[in-house]
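Participant: I need the structure of the sequence given here:
(one chain, ligands or ions: 1)
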Amino acid sequence: MSGQVPIQAELTWIDGEFKPGVRVTPGSDGRIDDIQQESSLQVTHPRMALVPGFVNAHSHAFQRALRGLGEHVPAEQEDFWTWREAMYRLVESVDVDRMRTICIQAFREMRLAGITSVGEFHYLHHPAGKQWDGDRVILEAAEEAGIRIVLIQVHYVAGGFGIALSGGQDSFNTNDLSAFWASMDQAQSLCQPCQSVAVAAHSIRGVPIDDVASLHAEACSRGLVVHMHLEEQVQEIESCVEATGSTPVRLVLDRLSPGAEFTAVHATHTVPDDLEELLAGGSHVCLCPLTEANLGDGFPDREVLQHHQGSICIGTDSNARISMLEELRMLELSHRLESGARGAWRDSTGHVHRSLLDMATVNGARSLGIDAGRIEKGAYADFALIDLDAPPLVDLEVNALGAAIVLGSGNNAIVDTCVGGLWG
Ligand SMILES: [Zn+2]
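Facilitator: Below is the predicted model of the structure:
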């Protein structure tokens, strides 16, 4: 299929429900040019449902190469930090060509999972000591796979509070803020259509809070969104309190006054009052359910998050498994198990699939600062096409379909994706 050809699927996801008789026409600029709703329109894709392409708000593409490798768990080392050691061994062994291959594979696999945009939280800047080659490789890999990318350029200067980077971490080093912004300018100059940049501080242990504040201020003046790993691990919080007298999120709230431009990735152990303040200020929280489950991170405060569901987005993070539908299912079902109650992420109508699908689409797009994740005139023409005759979905009523897709189907129900009006 090519761009600018109108598509009328049997059903189209618009305004939180599947509707028949919708024709969507992409324009030559890669955005949705026109939407018609008329029952007499000819169906071009029978037994197919058109949904917005998924937005993956947090990925480390190179970590796909760790799949299956970080799973040896010696007794009494059952935590995140042993996985991190495996990741560092990978970083020390990967060269530019290998990194390109890994990233292309990860991005292609994302498209097979219905993901049309990825926020690549990128900190492997110098693979095999090649200065800044990693930045170019990421953008080239995304172009090759045909996925829309926001290159979230990560500032990373310390191995902990008062600890210099060492060993494999040297590949992450952005030195100082002027070197970081020079790398941003360089990355921006490399961007092709469907590519843009954003800013990140790796974490409170990777960047001193003064640098985080300066980075945030400059990003805001440039109109760029800012992401940051925050409070995934208890040990990170304890070290921060010991070094600064404050928790990481408290420091960020006090020094940055973050708003809609800011996304906290994980916030697993953030105390309810801080989480409420962060979300009430308009910031996003990116949850990475499969990675957080894989690493045994724990549960974020659902009660607070539930009141701000429109600010939650989803990332595949370590890419140990790439399936946006499975991320959503893990998020819903794990919280049911934890709370002993159903409908963990239900909306005011009592359904869960609408809020979950929003997390995987429009909320992620807002977090990344891109006009995607919804089927609406003017938004990017980024779609996924779902086969209504796929085994998990065959013979279902329309009103069951949304929940069935989220809770009962998977990547094999997704038959094609479209990025900027271009299919497959
Ligand atoms: Zn991450």
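Participant: Every contact and neighbour count from this point should use C-alpha atoms.
Facilitator: Will do.
Participant: Tell me who's in contact with residue 395.
Facilitator: Applying C-alpha atoms under 8 Å, 6 or more residues apart in numbering to residue 395 gives the contacts residue 389.
Participant: Now do it against residue 353, distance only.
Facilitator: Separation of residue 395 from residue 353 (C-alpha to C-alpha, to the nearest Å): 19 Å.
Participant: got the contact list for residue 167?
Facilitator: residue 92.
Participant: List phi and psi for it.
Facilitator: Here is the backbone geometry of residue 167 (degrees, to the nearest 10): phi 60, psi -130.
Participant: dump the residue contacts of the nearest residue to residue 180 once chain neighbours are set aside.
Facilitator: Nearest residue to residue 180 in three dimensions, chain neighbours excluded: residue 174, at 5.6 Å (C-alpha to C-alpha, 6 or more residues apart in numbering). Shown in contact with residue 174 (C-alpha under 8 Å, 6+ apart): 125, 155-157, 180.
Participant: name the element residue 376 belongs to?
Facilitator: Counting by DSSP states H and E, no helix or strand carries residue 376.
Participant: Grab the nearest non-local neighbour of it.
Facilitator: Residue 376's closest residue in space is residue 32 (C-alpha to C-alpha, 6+ apart), at 6.7 Å.
Participant: The one you found contacts residue 380, correct?
Facilitator: Yes: contact criterion C-alpha atoms under 8 Å: residue 32 and residue 380 qualify, at 6.0 Å.
Participant: what touches both of these two?
Facilitator: Common neighbours of residue 32 and residue 380 (criterion: C-alpha under 8 Å, 6+ apart): residue 421.
Participant: Who has more neighbours out of these two?
Facilitator: Between residue 32 and residue 380, counted using other C-alpha atoms under 10 Å, the more crowded position is residue 380 (27 against 24).
Participant: can you tell me which residues contact residue 373?
Facilitator: Applying C-alpha under 8 Å, 6+ apart, the residues contacting residue 373 are 52-55, 361-365, 379-380, 382.
Participant: which among those gets closest to residue 265?
Facilitator: The closest of the contacts of residue 373 to residue 265 turns out to be residue 364 (C-alpha to C-alpha; 11.8 Å).
Participant: packing partners for the helix or strand where that closest one lies?
Facilitator: Here residue 364 sits within helix 362-368, counting by DSSP H and E. Helices and strands touching helix 362-368, as assessed by 3 or more C-alpha pairs under 8 Å, 6 or more residues apart in numbering; DSSP states H and E, comprise strand 54-59, strand 312-314.
Participant: now, the most widely separated pair of the contacts of residue 174?
Facilitator: Greatest spacing in the contacts of residue 174, by C-alpha to C-alpha: 125 and 157 (12.1 Å).
Participant: Show me the helices in the stretch 151-300 of the chain, by range?
Facilitator: For the stretch 151-300 of the chain, the helices defined by DSSP state H, counting those that start in this stretch occupy 177-190, 209-221, 234-244, 248-256, 272-280, 289-294.
Participant: For the shortest one, output the C-alpha coordinates as CSV.
Facilitator: Read it as helix 289-294. This file holds the C-alpha atoms of helix 289-294, laid out as CSV (Å, rounded to 0.1, in the frame of the first residue of the first chain):
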residue,chain,number,x,y,z
PRO,A,289,5.1,-2.9,33.0
LEU,A,290,6.9,-5.9,31.3
THR,A,291,10.4,-4.5,32.2
GLU,A,292,9.3,-3.6,35.7
ALA,A,293,7.9,-7.1,36.2
ASN,A,294,11.0,-8.7,34.7
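Participant: Who are the packing partners of that helix?
Facilitator: Packing partners of helix 289-294 (3+ C-alpha pairs under 8 Å, 6+ apart): helix 324-339.
Participant: Name the residues of the helix it packs on that come out as buried.
Facilitator: Within helix 324-339, the residues scored as buried using 16 or more other C-alpha atoms under 10 Å are 324-335.
Participant: For it, the averaged confidence score.
Facilitator: Averaged over helix 324-339, pLDDT sits at 97.
Participant: just checking, next helix/strand downstream of that helix?
Facilitator: Downstream of helix 324-339, the next assigned helix or strand under DSSP H and E is helix 353-360.
Participant: That following helix vs helix 324-339, what angle?
Facilitator: Going by axes from the mean of the first three to the mean of the last three C-alpha atoms, to 10 degrees, helix 353-360 is angled at 120 degrees with respect to helix 324-339.
Participant: Residue 415 is in contact with residue 383, isn't it?
Facilitator: No: Residue 415 lies out of contact with residue 383 (C-alpha under 8 Å); the separation is 11.0 Å.
Participant: out of those two, which sits in the busier spot?
Facilitator: Just comparing residue 415 and residue 383: by other C-alpha under 10 Å the higher neighbour count belongs to residue 383, 26 against 17.
Participant: beta partners of the more buried one?
Facilitator: Here residue 383 sits in beta bridges with residue 52, residue 418, going by DSSP bridges.
Participant: Please report how far it lies from residue 307.
Facilitator: Distance from residue 383 to residue 307, by C-alpha to C-alpha: 28 Å.
Participant: What residues does residue 351 make contact with?
Facilitator: residue 343.
Participant: Backbone dihedrals for it, both of them.
Facilitator: The phi/psi pair for residue 351 (degrees, to the nearest 10) reads phi -90, psi 150.
Participant: Repeat that for residue 345.
Facilitator: phi -120, psi 40.
Participant: residues touching it, list them.
Facilitator: Contacts of residue 345 (C-alpha under 8 Å, 6+ apart): 306, 309, 332, 352, 355-356.
Participant: Mind picking the two most distant members of these?
Facilitator: Across those, the longest distance by C-alpha to C-alpha is 12.5 Å; it joins 309 and 332.
Participant: quick one: low-confidence parts of the stretch 201-350 of the chain?
Facilitator: The stretch 201-350 of the chain contains no residues with pLDDT under 70.
Participant: Tell me the spacing between the closest residue to residue 144 other than its chain neighbours and residue 122.
Facilitator: The shortest distance from residue 144 to any non-neighbouring residue, by C-alpha to C-alpha, 6+ apart, is to residue 104 (6.8 Å). Using C-alpha to C-alpha, we find residue 104 at a distance of 14 Å from residue 122.
Participant: How is this structure divided into domains?
Facilitator: According to automatic domain parsing, the chain is divided into the following domains: 9-51+374-423, 54-368.
Participant: coming back round to it: highest neighbour count among the contacts of residue 373?
Facilitator: Neighbour counts for these peak at residue 55, which has 34 neighbours (criterion: other C-alpha under 10 Å).
Participant: Settle this for me: it is touching residue 110, isn't it.
Facilitator: No: Residue 55 is beyond contact range of residue 110, at 9.8 Å (criterion: C-alpha under 8 Å).
Participant: residues shared between the contacts of those two?
Facilitator: Common neighbours of residue 55 and residue 110, using C-alpha under 8 Å, 6+ apart, are residue 116.
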